[in-house]
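**Student:** Next comes the sequence, and after it the predicted model I'd like to discuss.
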Amino acid sequence: MIDSGASFHIIAHREWFCEYEKYDSGDVFLGDDRKARIVGCRKVKLKLQGGRVTTLLDVLHIVALARNLISVSKLDDAGVKTVFEKDTCKMVWGALVLMRGVWIGTLYKLQGSTIVGGCNSSVVLESGVENLVVSQEKTMLWHQRLGNIGEKGLRILHGKGIIEGMRNISLEFDFFENCVYGKKNRVSFPSGSKRAKQILELLHNDVFGPVKVPSLGKSMYYVSFIDDFSSNTWIYFLKKKTEVFDRFKEFKALVENQTEEDKGVEDR
């Protein structure tokens with residue numbers, strides 16, 4: 001259960017913990033003011049829709065509890081925002097939807113499963129969830145068809161009657177990491193106020209590596225030197241990153257010798 005009144009994440013099942021530590025020196029007060037003994041704590045892994053796995057930290061093990069609770073306040077402490085909407089709720093971290101819950105009866109229940117010894121123990125089993133999953137699969141299909149369009153864009157299209165076969169509730173779906181990174185804008189380098197007016201007046205260099213596939217000479221790194229005026233480029237292969245300075249000295253000697261030769265030709 002996703003509980004806005006719980007002060008801690010609480011699990012009643014010992015086998016649900018992926019990491020466990022015995023704890024026998026505390027109690028929590030339940031809604032009817034009864035005390036419940038804390039017998040352990042640590043981590044619980046959850047497998048969410050789409051196959052993503054997330055870990056709840058600092059989960060308390062209380063055998064006497066009838067429900068397993070995910071604390072909204074603990075998520076808030078971790079920077080995760082919980083948004084309750086009609087029939088659903090979602091836990092959002094930045095632009096990424098980490099978890100979702102569905103309203104069943106009078107409670108919000110997590111959509112997903114606990115990972116127990118390599119096997120999954122389903123958290124949401126009530127009737128009606130199957131239809132929701134099918135509807136969400138259709139939503140994900142439209143999300144992919146429309147170039148990973150966001151939830152807001154889908155709502156606009158749905159409101160105009162352009163998207164068929166989806167109810168309002170089906171417009172809730174997970175954002176995956178690749179979608180988030182794919183929509184980010186890279187910050188461009190500022191335009192330089194100074195441009196070179198002759199060869200070798202201004203140079204740019206960059207070091208790349210390590211690469212997954214080494215060169216024929218077993219080099220794992222590369223260093224490049226680019227002349228700003230002519231755009232001529234020199235590339236040196238490096239087996240170790242520490243060789244950068246030696247390659248720079250070679251490059252410096254090369255261009256200085258070439259400059260002296262060119263100057264001598266002009267004098268003659």
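**Tutor:** Cool, got the structure.
**Student:** got the buried residues for stretch 200-218?
**Tutor:** Within stretch 200-218, the residues scored as buried using 16 or more other Cβ atoms under 10 Å are 200, 203, 209. Every residue, glycine included, has its C-beta placed from N, CA and C.
**Student:** Residue 73 in helix, strand or coil?
**Tutor:** Taking DSSP: H, G, I helix; E, B strand; the rest coil as the rule, one finds residue 73 in the helix state.
**Student:** how many other residues sit next to it?
**Tutor:** Residues near residue 73, counting by other Cβ atoms under 10 Å, number 14.
**Student:** wait, what's in contact with the closest residue to it other than its chain neighbours?
**Tutor:** Nearest non-adjacent residue to residue 73, counting by Cβ to Cβ, 6 or more residues apart in numbering: residue 7, 6.3 Å away. Contact analysis of residue 7 by Cβ atoms under 8 Å, 6 or more residues apart in numbering lists 28, 71, 73-74.
**Student:** Could you do residue 236 as well?
**Tutor:** Taking Cβ under 8 Å, 6+ apart as the test, what residue 236 contacts is 222-224, 247, 250-251.
**Student:** Check residue 90 too.
**Tutor:** Residue 90 makes contact with 82-83, 97, 99-101, 172, according to Cβ under 8 Å, 6+ apart.
**Student:** secondary structure element for it?
**Tutor:** Applying DSSP states H and E as the criterion places residue 90 in strand 88-93.
**Student:** in that strand, what counts as buried?
**Tutor:** Of the residues in strand 88-93, 88-92 count as buried by neighbour count, 16+ other Cβ under 10 Å.
**Student:** what does stretch 54-68 give?
**Tutor:** Here stretch 54-68 shows 56, 59-62, 65, 68 as buried, counting by 16+ other Cβ under 10 Å.
**Student:** cool, and stretch 36-47?
**Tutor:** 36, 38, 40-42, 44-47.
**Student:** repeat for stretch 155-165
**Tutor:** For stretch 155-165, burial by neighbour count (16+ other Cβ under 10 Å) applies to 157-158, 163.
**Student:** Export only the CA atoms of that stretch, formatted as CSV.
**Tutor:** Backbone C-alpha positions of stretch 155-165 (Å, rounded to 0.1, in the frame of the first residue of the first chain) are rendered in CSV as follows:
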residue,chain,number,x,y,z
ARG,A,155,-3.2,13.8,-23.0
ILE,A,156,-3.6,16.7,-25.5
LEU,A,157,-4.0,14.3,-28.4
HIS,A,158,-6.4,12.1,-26.4
GLY,A,159,-8.5,15.2,-25.4
LYS,A,160,-8.9,16.1,-29.1
GLY,A,161,-10.1,12.5,-29.9
ILE,A,162,-7.1,11.8,-32.1
ILE,A,163,-5.9,8.7,-30.1
GLU,A,164,-8.4,5.8,-30.1
GLY,A,165,-8.7,2.8,-27.8
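**Student:** what ranges do the helices span in the protein?
**Tutor:** Ranges of helices in the chain, per DSSP state H, are 72-77, 129-145, 151-159, 177-183, 244-267.
**Student:** Mind telling me which of these the model trusts least?
**Tutor:** Looking at the helices of the chain, the lowest mean pLDDT belongs to helix 129-145 (a mean of 59).
**Student:** which residues sit in contact with the residue nearest to residue 92 when sequence neighbours are not counted?
**Tutor:** Of all residues not flanking residue 92 in the chain, residue 81 sits nearest, at 4.9 Å (Cβ to Cβ, 6+ apart). Residues in contact with residue 81 (Cβ under 8 Å, 6+ apart) are 91-93.
**Student:** For the stretch 1-150 of the chain, which segments count as strands?
**Tutor:** With DSSP state E, counting those that start in this stretch as the criterion, the stretch 1-150 of the chain has strands at 2-3, 10-11, 17-22, 27-29, 35-37, 40-48, 53-61, 70-71, 81-85, 88-93, 96-104, 107-110, 112-116, 119-122.
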